[in-house]
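**Q** Mind looking at a prediction? Sequence and model below.
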Amino acid sequence: MINYKSLYLADLGIRAEVAAFCPQTGVGEWHVIMHVEPRREDFAGQLRRMYEAEDRLPHMPGFEGAQYILKRYFLSDSTNQQPLMREQHDVAISIIQQQPLDGSKIAAWLYFTSGQQITADHDTIVATHNGYRHLWHMGFVCNQGDSASQTESILNRYEQLLERNEATLADNCIRTWFFVRDVDTQYAGMVRARRENFERQGLTPATHYIASTGIGGGPADTKALIQMGTYAITGFQPSQQRYLYASTHLNPTYEYGVTFERGTRMEYGDRTHVIISGTASINNRGEVMHVGNISQQTQRAWENVEALLSEGGMDFSDVMHLVVYLRDTGDYELVREMFSQRFPNIPTVITLAPVCRPTWLIEIECMAVRDNDNPQYRPL
């Protein structure tokens, strides 16, 4: 069972929303969304407080044995702000311009585990335990060419990285994120290059794709049009992985020319993970629902996520964090209120990040975990 709590570090003006899954034995997991009070100060001041809170958190009660694996920073101006950030080589770092809409210049999603051996290998963070290797690599960019050629270059580099780890895109990659500068004009090139690359890797409508979010976001390098983050696993049996479709609510993505899975379920001996891709207000014919109505689009996106979770044997009580992307800053107050009423405990961040179709006003992604007891598979 997940333990939710909210920590307020008053001296730093930091609120940490925490979801902890810590069984009596085995690997512990924590997802934290960190919010900074604006305090009318510049980015350097907010960043200093964020870093102090990050450094303090693993030593606080309830985080026994916790080690960082992933830190994703949501910035208001990545080009000017990323150069001020510290080097961190022992954790996977994702930095992207997706302005937090609470008035701050920075927010963060932090992922910790305990009981795993965490090492760095060529900018890849590897968490090893019980025969599994979890490979996190963030911040792939290329700053030459159009969005299609940049996507192809990035994917080629990732496939080489996987090969060094005796893994492949088709067999081992579980999750990707594609952040696209000016998504309304650059998304199509990314989609085309990804589809062509996937076909060469044996990923087709007849096989499977990969859970993914493709969303607006600004890399720090102004010439970079695409930034990719990835998560792969080695050491699991194919039967441990299952894809989620929720066909009563959603259509297969290839029907409208894109190549990702709606969600992925990973089963271990002691728990199950469900990873939900970026999900918007769409029906099972691929049509945008409730055009122009943010309230109804939010509710439809919830329904779609709920259907995917249900197919994976879960519900919203198993969700460890929510990332919410909005096209229009003017929708923030309403959406914030809707989420706080329905999900008062789930760690949540709401950012400015246009969705891949102009008429989609909101997109949601999440990760969930639930106890499992299946001796057929090794525990996480």
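**A** Perfect, I can see it now.

**Q** Name the residues of the helix or strand bottoming out on mean pLDDT in the chain that are buried.
**A** Of all helical and strand segments in the chain, the minimum by mean pLDDT, DSSP states H and E falls on strand 117-121, at a mean of 93. Residues of strand 117-121 classed as buried by neighbour count (16 or more other Cβ atoms under 10 Å): I118. In this view, the C-beta of every residue, glycine as well, is placed from N, C-alpha and C.

**Q** got the CA coordinates for it in PDB?
**A** Extracted in PDB, the C-alpha atoms of strand 117-121 (Å, rounded to 0.1, in the frame of the first residue of the first chain):
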ATOM      1  CA  GLN A 117      22.900  -1.000  -6.200                       C
ATOM      2  CA  ILE A 118      23.000   2.200  -8.100                       C
ATOM      3  CA  THR A 119      25.900   3.000 -10.500                       C
ATOM      4  CA  ALA A 120      26.700   5.400 -13.300                       C
ATOM      5  CA  ASP A 121      27.900   4.000 -16.700                       C
END
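
**Q** what does that strand rub up against?
**A** Contact with strand 117-121 is made by Q67, I69, H89, D90, I125, V126, A127, T128, H129, N165, as judged by Cβ atoms under 8 Å, 6 or more residues apart in numbering.

**Q** Lowest-confidence entry in the residues you listed?
**A** The lowest pLDDT within these belongs to H89, with 90.

**Q** The nearest residue to T253 once chain neighbours are set aside: what's it in contact with?
**A** Setting aside the residues directly before and after it, T253 is nearest to F260 in space (Cβ to Cβ, 6 or more residues apart in numbering), at 5.5 Å. For F260, the contact set (Cβ under 8 Å, 6+ apart) comprises T176, Y209, I210, A211, S212, G214, T253, S277.

**Q** and the last one, how many residues sit next to it?
**A** Right, S277. Neighbours of S277 under the rule other Cβ atoms under 10 Å: 26.

**Q** What residues sit buried inside the strand or helix carrying it?
**A** If you go by DSSP states H and E, S277 is part of strand 271-279. Buried residues in strand 271-279, counted by 16+ other Cβ under 10 Å: R271, T272, H273, V274, I275, I276, S277, G278, T279.

**Q** Give me the buried subset of the contacts of F260.
**A** Looks like the contacts of F260 have T176, Y209, I210, A211, S212, G214, T253, S277 buried, using 16+ other Cβ under 10 Å.

**Q** out of the residues you listed, what pair is the most spread apart?
**A** Farthest apart among the buried ones among the contacts of F260 by Cβ to Cβ are T176 and T253. That separation is 13.1 Å.

**Q** Next up, phi/psi of P58, please.
**A** The phi/psi pair for P58 (degrees, to the nearest 10) reads phi -60, psi -10.

**Q** From the contact counts, what lies against the helix or strand hosting C366?
**A** Using DSSP H and E, the element containing C366 is strand 362-371. Packing partners of strand 362-371 (3 or more Cβ pairs under 8 Å, 6 or more residues apart in numbering; DSSP states H and E): strand 211-216, strand 271-279, helix 294-311, strand 319-326.

**Q** per-domain residue ranges of this protein.
**A** Here the domain parsing of the chain from automatic domain parsing is 1-115, 118-235, 242-380.

**Q** Hmm, T351 and Q99 touching each other?
**A** Yes. Using Cβ atoms under 8 Å, Q99 makes contact with T351 at a distance of 6.2 Å.

**Q** In the chain, what residue spans correspond to helices?
**A** Using DSSP state H, the helices of the chain run over 43-56, 78-81, 147-164, 169-172, 183-200, 294-311, 332-342.

**Q** Tell me which of these sits most buried.
**A** helix 294-311 (a mean of 21; mean count of other Cβ atoms under 10 Å).

**Q** any idea of the angle it forms with helix 332-342?
**A** Going by axes from the mean of the first three to the mean of the last three Cα atoms, to 10 degrees, helix 294-311 is angled at 40 degrees with respect to helix 332-342.

**Q** tell me the mean pLDDT over helix 294-311?
**A** 98.

**Q** Show me what it is packed against.
**A** Contacts defined by 3+ Cβ pairs under 8 Å, 6+ apart place helix 294-311 against strand 263-267, strand 271-279, helix 332-342, strand 362-371.

**Q** Within the sheet, what are the partner strands of the strand holding C366, with directions?
**A** Using DSSP bridges, the strands paired with strand 362-371 are strand 271-279 (antiparallel), strand 319-326 (antiparallel).

**Q** quick one, which of those strands is nearest to G313?
**A** Nearest to G313, of all the strands paired with strand 362-371, is strand 271-279, at 6.5 Å by Cβ to Cβ.

**Q** tilt between that closest one and strand 211-216?
**A** Inter-element angle recorded for strand 271-279 and strand 211-216: 30 degrees (by the same axes, to 10 degrees).

**Q** how much distance is there from strand 271-279 to the middle of the chain?
**A** Computed by Cα atoms, centre = their mean, to the nearest Å, the chain-centroid distance of strand 271-279 equals 10 Å.

**Q** repeat for stretch 104-121
**A** On Cα atoms, centre = their mean, the centre of stretch 104-121 falls 12 Å from the chain's centre.

**Q** repeat for stretch 168-175
**A** With Cα atoms, centre = their mean, you get 16 Å for stretch 168-175.

**Q** Show the end-to-end separation of it, please.
**A** 13 Å (Cα to Cα, to the nearest Å).

**Q** Now do that stretch: everything it contacts.
**A** Here stretch 168-175 has contacts from 135, 155, 158-159, 162, 167, 198, 201-203, 207-208, 210-212, 230-234, 238, 241, 264, 266, 275, using Cβ under 8 Å, 6+ apart.
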